[in-house]
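Q: below are the sequence and a predicted model; questions follow.
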Amino acid sequence: MPPLSERTPVNKEHRLGTILVGRGAIDAAQLEEALHGLPGDGSRRLGERLTALGYCSTADVAAALAEQYNLPLQPLRDVPLTHDVLRRVPAEFAVRNNVLPLALRDNVLILAVADPGNLMALDDLRLVTKLALRIVVADSEELRRLVEDSYLREILAAEAEAGETGVEVLEQREEDIGDIENLAGQALVVQLVNMMLRQAVAERASDIHIEPFENDLRIRFRIDGVLRSVAPPSKRLQAAICSRIKIMADMNIAERRLPQDGRIKIRVAGRQIDLRISTLPTLYGESVVIRLLDRDSQSVDLGAMGFPVDALARFRRMLTVSYGIILATGPTGSGKTTTLYAALQEVSSPARKVITIEDPVEYQLPGINQMHVHAKIGLTFAEGLRTILRQDPDVIMVGEIRDEETADIAIHAALTGHLVFSTLHTNDSAGAVARLCDMGIEPFLVASSLEGVVAQRLVRRLCPKCREAYKPSSAELRELGSAASSYKGAPFYRATGCNECRGTGYRGRVGLFELLVVDELIQDKLVSRASSADIKEAAVSRGMVTLREEGWRKVAEGVTTADEVARVTHEDEAALGVGEDDSKAG
C-alpha cells in the first residue's frame, strides 16, 4: 500500500461544499461566500470557514468529510480509551493535529481525525508508530474535547508519576487570587500551557501569538520570522490559559482592561528560556504575545552572523576607534540588537567600562553593565544616557534613538570621547543619516561624530536536506548586476519542504548586511545636506555592497532564495539599477 500522501483524495475541496449543499446543511449562496473566505482567513479549510460563519455545525462538516473521503463517521460518546492505546501517539502530535487513537487491533491503529486531508501528518504518524492506520472521521469539536479531557490527562498522570512537568518556572511569586487562579491552576490548563511552550522551543519559535476571536482561539508561532498556525485548544479554555500565563509572569490577572507586560524564566529540556509577556485587551478577550529568548542558542559572534568577509573586516576596523557613533538600522526583528551585542563583546575588555540602556534588556552580557528603560518613573533613554555619562564609561549602547533629545546627547557623547552604539528604524544605511538630520541634529555634527552605519535584514536559510537546484532564468541573472557573469551556468536553489524543516523548505536565518563607512566623501555630502540617495550613490562608488546585491550573492551561493531576498529588501534598491523586482521590507 502506498504512503497516504501519495494517494489521491476522493474529491477536491469544492466537492465538500457540494456535498454539504446536497445534504441541506448550507445553500449555494453560503457556499459561494465561504469559498471566497473570511478577511485575513485564507489559510483555513472550507469546513472551518463555514462553521466560523455559522452556516453549519462541525457535525455537518464531519459527516460531509466522511462521505467525501469514503471513510466511516465515528461518534465519540462513551468511547473507551486505554493508556496503552493513548501512548502510541505523542501528546504534542495529538494536540497539534487534533487526532486520537481509539483502539489497537491486530497491529492496526484505529485513529479518529478531524481532517482526513492532512495526509502528511498521517504519513508521519504511520512512520512513528510503525503501525498500519485505519482512519475514521470525527466531529472536530467533540474530538478536541476528548483529546483535552482524556488524552492530555493521561499524559499528565504519566509525567506526574515520573515527577516531571517538562517546564520548570524558575521565578514565580505565590499569591492568593481566588477562583481565577484555581481555574488557571487546573491540571489540564497547566499541561496545555506547558505543552505549548515545549512545542515552541522544540520548533525554534521566537514568538507565540495567542489571539482570541468570536468563535475560536488562534495560536501561531513565529518561526524564522514567519508566522505559522498551530492547532489551538478549545475556545472555552481561553480565559484559563491567559490567566495561567499571567500568573506565571506575576501579572495582575484581575486586570483585563489595560495592557500589561511581564517576564518569566523557565527551563525546558535543560535549557533556560527567558519569556517576555505582553497582553492586549481586544474585542473578544486578551491577546497574548510571548517572546522566547533562548540564552543557550543566541549567537553573539560577529563572525557567525553572515557578514561578508570584506564587510566584516571593515566593520571590525570601525570598532577599533576610541570615540564616535556607530548605528545599526533596519525594521523590527531584523537582528539589530544582536549585531550590537556582538559588537559590544568585541570591544569589551578589562580596560574599558561598557554600559547599556535598553528597552528591555534581552540578553545579559558578561562584564557589561546593563540597565532597563523605565518610562513610568521618568527613566527614559535620554535621562538614562545623561546618568550613564556621569559613570565615566568608555563605551555606551543606547537601545534606540527615538527623539531629538536622545540623538543630541548621543552625538555629543560621541564627540567628547565615548564610543556610542545605537539603533534606528530606517530602510537602509543612508536613510539613517537623513533621519538624524530630520530629528534636528546639525549635519556638521553628524559628519563629525558618525563613524558608520550597518543596515541589515534577516532572510530564511534554505533547508540543506531538501533544497532543489534549478537553472536560473535570464531575468534572475540580470538581478545579479555586474556579478551575473560569475554565476552563469551555476545552479540556483528553491525551497521544497521535508520533515526536517516541517515542510517549509527553510531552516534558520542568516543576515544580509549593508555597511556604510563615513569617510571624507560621505562627510562632504553630509555637510552639504545631500539627499540620502546621493549619499548612497557615493557609498556605492566607494565599494559599498547594497542589501539587494548581498541578497543576490546569497541566492547564487545557494544559501537562500530569490523570493526571500525580494521579501525583505526595499524597493528603492532599484533606483541604483541593482534590481527590478522589489517588495516592502519584511
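A: That came through fine. Numbering: from 1, shown residues only.
Q: I'd like to know how many residues surround Ser57.
A: 14 (other Cβ atoms under 10 Å). Where C-beta positions appear, they are placed from N, C-alpha and C, glycine not excepted.
Q: and if you look at the one 4 residues further on?
A: Residues near Val61, counting by other Cβ under 10 Å, number 27.
Q: can you start the count at 47 instead of 1 from here on
A: From this message on, residue numbering opens at 47, which makes the last subject Val107.
Q: let me see the mean pLDDT of stretch 457-464.
A: Mean per-residue pLDDT for stretch 457-464: 93.
Q: same check, this time on stretch 591-600
A: Mean per-residue pLDDT for stretch 591-600: 88.
Q: using the three-state scheme, assign the most centrally placed residue in the chain.
A: In the chain, the residue lying closest to the centroid (Cα atoms, centre = their mean) is Arg268, at 2.6 Å. Here Arg268 is recorded as strand under DSSP: H, G, I helix; E, B strand; the rest coil.
Q: hmm, it is touching Ser252, no?
A: Yes. Counting by Cβ atoms under 8 Å, Arg268 touches Ser252, with 5.2 Å between them.
Q: in the stretch 497-632 of the chain, which ranges drop under the pLDDT threshold?
A: Flagging of the stretch 497-632 of the chain using pLDDT under 70 yields the residue ranges 526-533, 616-632.
Q: one more pass at 80, please.
A: 519-536, 545-546, 548, 616-632 (pLDDT under 80).
Q: rewinding a little: tell me the spacing between the nearest residue to the residue nearest to the centre of the chain once chain neighbours are set aside and Leu348.
A: Nearest residue to Arg268, sequence neighbours excluded (Cβ to Cβ, 6 or more residues apart in numbering): Asp253, at 4.1 Å. Asp253 is 25 Å from Leu348, where distance means Cβ to Cβ, to the nearest Å.
Q: quick one: residues contacting the residue nearest to the centre of the chain.
A: By Cβ atoms under 8 Å, 6 or more residues apart in numbering, the contact list for Arg268 reads Ala251, Ser252, Asp253, Ile254, His255, Arg274.
Q: give me the neighbour count for Glu187.
A: There are 19 residues near Glu187, going by other Cβ under 10 Å.
Q: buried stuff in the helix or strand containing it?
A: Assigned by DSSP states H and E, Glu187 belongs to helix 186-192. Within helix 186-192, the residues that count as buried by 16 or more other Cβ atoms under 10 Å are Ser186, Glu187, Glu188, Leu189, Arg190, Leu192.
Q: repeat that for stretch 62-70.
A: So for stretch 62-70, counting by 16+ other Cβ under 10 Å, buried means Leu62, Gly63, Ile65, Leu66.
Q: other residues contacting it?
A: 57, 72-74, 77, 80-81, 92-93, 96, 102, 106-107, 109-111, 113-114.
Q: just the ones in helices from those residues, please.
A: In this view, these that belong to helices under DSSP state H are 74, 77, 80-81, 92-93, 96, 106-107, 109-111, 113-114.
Q: mind putting the residues you listed into CSV with distance to Thr383 and pLDDT?
A: Listed next are the ones in helices among the contacts of stretch 62-70 as CSV, based on distance: Cβ to Cβ, whole Å; pLDDT from 0 to 100:
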residue, distance to Thr383, pLDDT
Ala74, 54, 88
Leu77, 49, 87
Ala80, 43, 83
Leu81, 44, 81
Leu92, 42, 85
Gly93, 43, 86
Leu96, 44, 88
Asp106, 50, 93
Val107, 45, 93
Ala109, 52, 93
Ala110, 50, 93
Leu111, 47, 93
Glu113, 54, 92
Gln114, 49, 91
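Q: in TSV: these, plus distance to Ser289.
A: Formatted as TSV, the ones in helices among the contacts of stretch 62-70 follow (distance: Cβ to Cβ, whole Å):
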residue	distance to Ser289
Ala74	44
Leu77	39
Ala80	34
Leu81	38
Leu92	34
Gly93	31
Leu96	31
Asp106	33
Val107	31
Ala109	36
Ala110	37
Leu111	34
Glu113	41
Gln114	39
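Q: which of those are buried, as a PyMOL select command?
A: The buried residues among those can be selected in PyMOL (16+ other Cβ under 10 Å) with this line:
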select buried, resi 77+80+92+93+96+106+107+109+110+111+113+114
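Q: so which of the ones in helices among the contacts of stretch 62-70 is the closest to Val314?
A: Among those, Gly93 lies closest to Val314 (Cβ to Cβ), at 34.1 Å.
Q: contacting residues for the closest one?
A: Going by Cβ under 8 Å, 6+ apart, the list of residues near Gly93 reads Leu62, Thr104, Val107, Ala110, Leu111, Ser186.
Q: ends of stretch 370-379, how far apart?
A: 26 Å (Cα to Cα, to the nearest Å).
Q: longest single helix anywhere in the chain?
A: Per DSSP H, the chain has its longest helix at helix 233-248.
Q: distance between whatever helix or strand comes next after that helix and the chain's centre?
A: Going down the chain from helix 233-248, the next helix or strand is strand 251-258, by DSSP H and E. Counting by Cα atoms, centre = their mean, to the nearest Å, strand 251-258 is centred 9 Å from the centre of its parent chain.
Q: kindly report the same for stretch 328-345.
A: For stretch 328-345, the distance to the chain centre is 9 Å (Cα atoms, centre = their mean).
Q: buried set for that stretch?
A: In stretch 328-345, the ones that count as buried by 16+ other Cβ under 10 Å are Gly331, Glu332, Ser333, Val334, Val335, Ile336, Arg337, Leu338, Leu339, Asp340.
Q: so of those residues, which ones are in strands?
A: Counting by DSSP state E, these place Gly331, Glu332, Ser333, Val334, Val335, Ile336, Arg337, Leu338, Leu339, Asp340 in strands.
Q: between those, which is nearest Gly316?
A: Comparing every one of these with Gly316 (Cβ to Cβ), the shortest separation belongs to Asp340, at 11.8 Å.
Q: three-state assignment of the closest residue to the closest one other than its chain neighbours?
A: Among residues not flanking Asp340 along the chain, Ile319 sits closest, at 5.5 Å (Cβ to Cβ, 6+ apart). For Ile319, the assignment made with three-state DSSP gives strand.
Q: closest to Leu283 among the buried residues of helix 186-192?
A: Distances from Leu283 to the buried residues of helix 186-192, taken by Cβ to Cβ, are shortest for Arg190, at 10.0 Å.
Q: who's in contact with that closest one?
A: Contacts of Arg190 (Cβ under 8 Å, 6+ apart): Asn144, Ala160, Pro279, Ser280.
Q: how many residues are close by Gly498?
A: 22.
Q: and it, that one's in a helix?
A: No. Using three-state DSSP, the secondary structure at Gly498 is strand, not a helix.
Q: that one bridge partners, please.
A: Using DSSP bridges, the beta-bridge partners of Gly498 come out as Ile372, Val563.
Q: so it sits against Asp565, correct?
A: No. Under the criterion of Cβ under 8 Å, Gly498 is not in contact with Asp565, lying 9.3 Å apart.
Q: what's the spacing between the residue of the chain most remote from its centre and Leu177?
A: Distance from the centre of the chain peaks at Asp152, with 43.3 Å (Cα atoms, centre = their mean). In this view, Asp152 and Leu177 are 10 Å apart by Cβ to Cβ.
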